[in-house]
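Undergrad: this one's sequence-less:
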């Protein structure tokens, strides 16, 4: 199929632009991913670019997988350029450039979410005598924010940090356990390039495509700038109206200033929406245009339908949940919409106080429901965590965090024993695994726990010796990997349901791989660098309840947004930049809908819901300021939903 087949004029023009620096502004549903895919096809088919000379960066693993699938469908397996998330890209470059980086413990090992929570945060809490884990987490997030915003590059940064002792304690801790945080990967790459600019000459590609450019922070943008200035041709795409990741210091100014920051660049636009009906676009743009700094853009629907849009007012959360259930029943039974094509999007859901009441009401009406917020990883449980740690130790027998994970989940070894091992690391200037070797050789150096730790350490090595006989470090087939995992599951006495979950988890990564032969370390490295909270797995026949952030990139026939109240949107985020991001988040949520869009709000909320959002403890609620004077006026929700056919 020719690269230009079935493209609209503006999509074809963007995909074939020969300028060295191009920004593609693409509104919701205008074919951004299609245009990116055809851009790759154009480079390969017309410009005769070697696929190895092209690098594509996306924001999430799901987006990377989708783009790979589309390119494969167009060109076949043999012509796939490297496609990865930004964090995965940063890690791959850091692994390639290890001799230039003296700031990271070697070998590079990314701490995953569980390890951050139950090892890094818990240890630093005890070491620094900080009362709450949440306070330690705030400090870790602040340090991450300072990397992402490049505040960490400023003079006297450490002295101005809220708790300077924290940085020193964290640096010692990361040396003992030899880990790197996911949030510092891009910063460390920027630092490495800045100190060794010549390394870009051998970076391995000459064409860089970046998706979701509006979600990049200052540090991300600096890395992209270095690459472009070294002569790499740049094609970026995104939409400033959809910049919603301020928690990682993303800001729409990067895409808004592209033609200023990059001289002799071109801007292309996609403006034909194939997702939303025109009145949904008009309603959504009413919200987006409340930001005077946004890039003005005309977006036109190619649909001839008129969407059903309602702003529904309810007395309280009970009548709201009942109304939402009646809406879903109507859509399924009378409009012919599949349950899984209905999204219920929440801005607030503290302790599931919003999702629970809606989900229970849906179930009472005989409607199956899946709540994404309550999902947890199979590797968060003790059995799954121990299995994952064994797999890591098969790859690297001195993986400090994995050894620590198994030791700390061993019965009879608590925080006191762990802290005693850590003191040995400090006193003898050794890493965690080395201290275990010392204890195994001489248990008496830890009078109270020495023998117990020795037995646990020796048991781990006996298991590893058996597992290593089943693993070829150069490669492993899918069947061999499944067999290895099954054996470990049996040893750990995991239930059959857990085994199935674990095997399915690995199968998802295997399916996304380009190779028949696998490497465990490649699979685990991709896991550690992906933004897993951006992934959504749909189940047929179920209405899905999820956060507004999770819905980005999704499409549904019908979207319902409960609690559209000022106390939640913008809620406590009333500073100018934070409030604008709340506005954009609402815009993203509205533009997920194709033909049915329902917004609900309550006059009052009681029980736990009155403690969510702003005005804690007060029951009174008001419509969000972003919806005041909107093209659709509020109506009585109870009266409307009761008028619908049963």
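TA: Structure received. All values reported here derive from a predicted model rather than from experimental measurement.
Undergrad: So, low pLDDT: which residues of this protein?
TA: Screening the chain residue by residue with the criterion pLDDT under 70, one finds the ranges 373-376, 512-517, 530-537.
Undergrad: which stretches of the stretch 401-550 of the chain form helices?
TA: In order along the chain, the stretch 401-550 of the chain carries the following helices (DSSP state H, counting those that start in this stretch): 415-428, 432-441, 450-468, 478-491, 496-512, 520-529.
Undergrad: Need the ones you listed in JSON lines (columns: distance to residue 358 and mean neighbour count).
TA: Quick note: C-beta positions are derived from backbone N, CA and C, even for glycine. As requested, the helices of the stretch 401-550 of the chain are arranged in JSON lines below (distance: least, CB to CB, whole Å; neighbours: other CB atoms under 10 Å):
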{"stretch": "helix 415-428", "distance to residue 358": "39", "mean neighbour count": "15"}
{"stretch": "helix 432-441", "distance to residue 358": "45", "mean neighbour count": "19"}
{"stretch": "helix 450-468", "distance to residue 358": "45", "mean neighbour count": "16"}
{"stretch": "helix 478-491", "distance to residue 358": "36", "mean neighbour count": "16"}
{"stretch": "helix 496-512", "distance to residue 358": "26", "mean neighbour count": "15"}
{"stretch": "helix 520-529", "distance to residue 358": "31", "mean neighbour count": "19"}
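Undergrad: Among those helices, which comes closest to residue 628?
TA: Put simply, out of these the one that sits nearest residue 628 is helix 520-529, at 41.9 Å, with distance taken as CB to CB.
Undergrad: any idea how far the residue of the chain positioned farthest from its centre is from residue 461?
TA: Most distant residue from the mean C-alpha position of the chain: residue 444, 45.8 Å away (CA atoms, centre = their mean). Between residue 444 and residue 461 the computed distance is 20 Å (CB to CB, to the nearest Å).
Undergrad: Test my guess that residue 196 contacts residue 100.
TA: Yes. Using CB atoms under 8 Å, residue 196 and residue 100 qualify as a contacting pair, with a distance of 4.7 Å.
Undergrad: if we can go back for a sec, list just the one of the helices of the stretch 401-550 of the chain that sits closest to residue 29.
TA: Taking the helices of the stretch 401-550 of the chain one by one with CB to CB, helix 496-512 is closest: 24.7 Å.
Undergrad: so how far is residue 455 from the residue farthest from the centre of the chain?
TA: Computed as CB to CB, the residue 444 to residue 455 distance reads 14 Å.
Undergrad: same check, this time on residue 226
TA: Note on residue 226: its distance to residue 455, by CB to CB, is 51 Å.
Undergrad: Contacts made by stretch 462-480 with the rest, please.
TA: For stretch 462-480, the external contacting residues (CB atoms under 8 Å, 6 or more residues apart in numbering) are 390, 393-395, 397, 483-484, 487-488, 491, 510, 516-520.
Undergrad: same thing but at 10 Å, please
TA: 386, 390-391, 393-397, 406, 481-484, 487-488, 491-492, 506-507, 510-511, 513, 515-523 (CB atoms under 10 Å, 6 or more residues apart in numbering).
Undergrad: Between its first and last residues, how far does it reach?
TA: One end of stretch 462-480 to the other measures 20 Å (CA to CA, to the nearest Å).
Undergrad: hang on, the earlier thing: would CSV of the helices of the stretch 401-550 of the chain with distance to residue 582 be doable?
TA: Written out in CSV, the entries for the helices of the stretch 401-550 of the chain read as follows (distance: least, CB to CB, whole Å):
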stretch, distance to residue 582
helix 415-428, 40
helix 432-441, 43
helix 450-468, 48
helix 478-491, 43
helix 496-512, 32
helix 520-529, 28
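Undergrad: Quick one: closest of those to residue 153.
TA: Ranking these by distance to residue 153, with CB to CB as the measure, places helix 520-529 first at 22.8 Å.
Undergrad: got the buried residues for the host helix or strand of residue 640?
TA: Counting by DSSP states H and E, the secondary-structure element that holds residue 640 is helix 637-642. Within helix 637-642, the residues that count as buried by 16 or more other CB atoms under 10 Å are 637, 638, 640, 641.
Undergrad: what helices or strands is that helix leaning on?
TA: In this structure, helix 637-642 makes packing contacts with strand 308-314, helix 317-333, strand 593-602, judged by 3 or more CB pairs under 10 Å, 6 or more residues apart in numbering; DSSP states H and E.
Undergrad: and the nearest residue to residue 335 once chain neighbours are set aside, how many neighbours?
TA: On the basis of CB to CB, 6 or more residues apart in numbering, the spatially nearest residue to residue 335 that is not a chain neighbour turns out to be residue 596, at 7.4 Å. Counted with other CB atoms under 10 Å, residues neighbouring residue 596 total 23.
Undergrad: quick one: residue 596 and residue 8, what's the gap?
TA: To residue 8, residue 596 is 26 Å away according to CB to CB.
Undergrad: got it, and residue 414?
TA: Counting by CB to CB - residue 414 and residue 8 are separated by 63 Å.
Undergrad: More neighbours: these two, which one.
TA: In this comparison of residue 414 against residue 8, neighbours counted by other CB under 10 Å, the higher total goes to residue 8 at 17 against 11.
Undergrad: thinking that one is in contact with residue 268, fair?
TA: No. Contact criterion CB atoms under 10 Å: residue 8 and residue 268 do not qualify, at 11.9 Å.
Undergrad: hey, what's in contact with both of the two?
TA: Residues touching both residue 8 and residue 268 comprise 14, 35, with contact defined as CB under 10 Å, 6+ apart.
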